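In: Need a 3D model of the following:
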Amino acid sequence: MRLFGRVLQVPDPPFWIVADEAGSAVIEVDAFLLDFWASGNAESSCRSYAFGLLRWYRHLQLTGTDWDRAVRETVRDFVLACKQPSSLCSRPLAPRTINHNLAVVSAFYAFQISQQQGPLVNPVPERGQSGRERFAAHHNPEASFRHDRRADLRQRVPQTLPRSLSEQRITELFRVLEHPRDRALLAFYLSSAARPSELLGVKTEDIDPGSQQITVVRKGTRARQVVPASAGAFLWLRLYQESLPAEMTESGQPVWWTLRRPLRPLNYDAARALLRRAEVVMGSRVKLHDLRHTAAAQMAQDPSLSLTDVQRILGHANLSTTEQYIRQQDVDVLSRVAEHLHRRENPQPGPTPETRMRYDHNDLTELMGDAAW
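Out: Okay, the predicted model is just below:
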């Protein structure tokens, strides 16, 4: 069976649509995405929601369910299909991805219900719908406090450490990426801690080599923020710009371009393909966001930088998001424990005890002249 439609990019808002087999936009999804974009969400978020709804519509196709007849059991079967290889996805999806997809479907039906369309009740369960207790109900003073339960069908997301790279892998990346553009991108990611899309959106006028700073547009707030970068990053950028035509380095032009002619602005997929080519040589997987994690972890471990300094550079709205970078890496903990075990198995001889000076009674008698001293 051929699965339902695909996601297409269009020039007009919301810039991404879910198209059916005939290539026409799905009306209810298009209305939701347009309202979603008009509410101030980024174009990249519209793209993410479009792919989430495409996965949902493919599940509806496989189960033979109309979108406005979906119930809780339909969502349950959707989660089960995502947790294992199936016709919907070739590999199990990560718990975080499943929860995100459920949030997308829930927002879609909440919008349709507000427009008096679709089912009467949102098929995606929320917290407090299990019948045990109303969510955010007044606390009984005789009962102990407890954390709110996860909503039904939401997956437990394991706590993971930031995916930072070792110095050896960073050196190997610089060796594999030989072009000045690629090395400049790598150096900027590792020093500025900017998000992949933020650095790729930098214009020529946003580069300030004199102050060694760049201006990026934050992904969430869309605010312009100045962040520092290393001197090596600007050196590689200068070498790269010398290879470009003069008109490509004028004010208002993107900083990053493709290497193949005709020159086009470098987008996220092309930058990700750059690392995939490096993976073939290195034999290990590296993601664009790993570079941001590496820079953030190195900043958080520097005692001269406060946690609020790191939060400001990373552009985090909450300090709790930044705190994950101060967690100790497993490799550091294991190394210290291995040293501890080595010291236990190979104890070193302790220091030689100091010999105290003792006096002789006869010597003092001879020195003082009598025994009454």
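In: all strands for the chain, in order.
Out: Across the chain, reading from the start of the chain, the strands by DSSP state E fall at 6-9, 16-19, 207-208, 213-217, 224-228.
In: would CSV of these with mean neighbour count, distance to residue 89 and mean pLDDT be doable?
Out: Just so you know, the C-beta spots here come from the backbone N, C-alpha and C atoms, and that holds for glycine as well. Below are those laid out as CSV (neighbours: other C-beta atoms under 10 Å; distance: least, C-beta to C-beta, whole Å; pLDDT from 0 to 100):
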stretch, mean neighbour count, distance to residue 89, mean pLDDT
strand 6-9, 14, 15, 94
strand 16-19, 22, 17, 95
strand 207-208, 17, 41, 97
strand 213-217, 19, 33, 96
strand 224-228, 14, 37, 96
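In: I'd like the ones you listed as JSON lines, with distance to residue 185 appended.
Out: Output for the strands of the chain, formatted as JSON lines (distance: least, C-beta to C-beta, whole Å):
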{"stretch": "strand 6-9", "distance to residue 185": "23"}
{"stretch": "strand 16-19", "distance to residue 185": "25"}
{"stretch": "strand 207-208", "distance to residue 185": "13"}
{"stretch": "strand 213-217", "distance to residue 185": "12"}
{"stretch": "strand 224-228", "distance to residue 185": "15"}
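In: quick one: low-confidence ranges for the stretch 101-250 of the chain?
Out: Scanning the stretch 101-250 of the chain for pLDDT under 70 picks out the ranges 128-149.
In: Which residues are in contact with the one residue sitting closest to the centre of the chain?
Out: If you average the C-alpha coordinates of the chain and look for the closest C-alpha using C-alpha atoms, centre = their mean, you land on residue 289, 5.7 Å from that point. Applying C-beta atoms under 8 Å, 6 or more residues apart in numbering to residue 289 gives the contacts 163, 195, 196.
In: Mind checking which of the residues you listed land in helices?
Out: Per DSSP state H, helices hold the following members of the contacts of residue 289: residue 196.
In: Tally up the residues packed near residue 93, please.
Out: Other residues lying near residue 93 total 19 when counted by other C-beta atoms under 10 Å.
In: Same check on the one 3 residues further on?
Out: Neighbouring residues of residue 96 were enumerated by other C-beta under 10 Å; the total is 12.
In: wouldn't it be in contact with residue 156 here?
Out: No: judged on C-beta atoms under 8 Å, residue 96 makes no contact with residue 156 at a distance of 10.3 Å.
In: For the stretch 1-150 of the chain, just list every one of the helices.
Out: Assignment of helices within the stretch 1-150 of the chain using DSSP state H, counting those that start in this stretch yields the ranges 27-38, 43-63, 72-82, 95-114.
In: contacting residues around stretch 75-94?
Out: Contacts made with stretch 75-94 from outside it, assessed by C-beta under 8 Å, 6+ apart, are listed as 1, 3, 55-56, 58-59, 62-63, 97-98, 101-102, 105, 123-125, 153, 155.
In: related to what we said a few turns ago, what is the nearest of the contacts of residue 289 to residue 363?
Out: Taking C-beta to C-beta as the measure, residue 363 lies nearest residue 163 of these, at 73.5 Å.
In: tell me the contacts of the closest one?
Out: Applying C-beta under 8 Å, 6+ apart as the definition, the contact partners of residue 163 turn out to be 287, 289, 290, 293.
In: make it 10 Å
Out: When contacts are counted by C-beta atoms under 10 Å, 6 or more residues apart in numbering, residue 163 is found next to 285, 286, 287, 289, 290, 291, 292, 293, 294, 297.
In: try residue 9
Out: Contacts for residue 9 (C-beta under 10 Å, 6+ apart) come out as 15, 16, 17, 43, 46, 47, 50.
In: and if you look at residue 104?
Out: 32, 36, 45, 48, 49, 50, 51, 52, 53, 55, 56, 124.
In: where along the stretch 201-350 of the chain do the helices fall?
Out: Ranges of helices in the stretch 201-350 of the chain, per DSSP H, counting those that start in this stretch, are 231-241, 268-282, 288-300, 307-314, 319-323, 330-345.
In: Now the second one: buried residues?
Out: To tie it back to what came earlier, the one meant is helix 268-282. Going by neighbour count (16 or more other C-beta atoms under 10 Å), the buried part of helix 268-282 is 270, 271, 274, 275, 278.
In: Please tell me I have it right and residue 106 contacts residue 123.
Out: Yes: using C-beta atoms under 10 Å, residue 106 makes contact with residue 123 at a distance of 8.5 Å.
In: Between the two, which is the more surrounded one?
Out: Under the neighbour definition other C-beta under 10 Å, residue 106 and residue 123 were set side by side, and residue 123 has more, 20 against 17.
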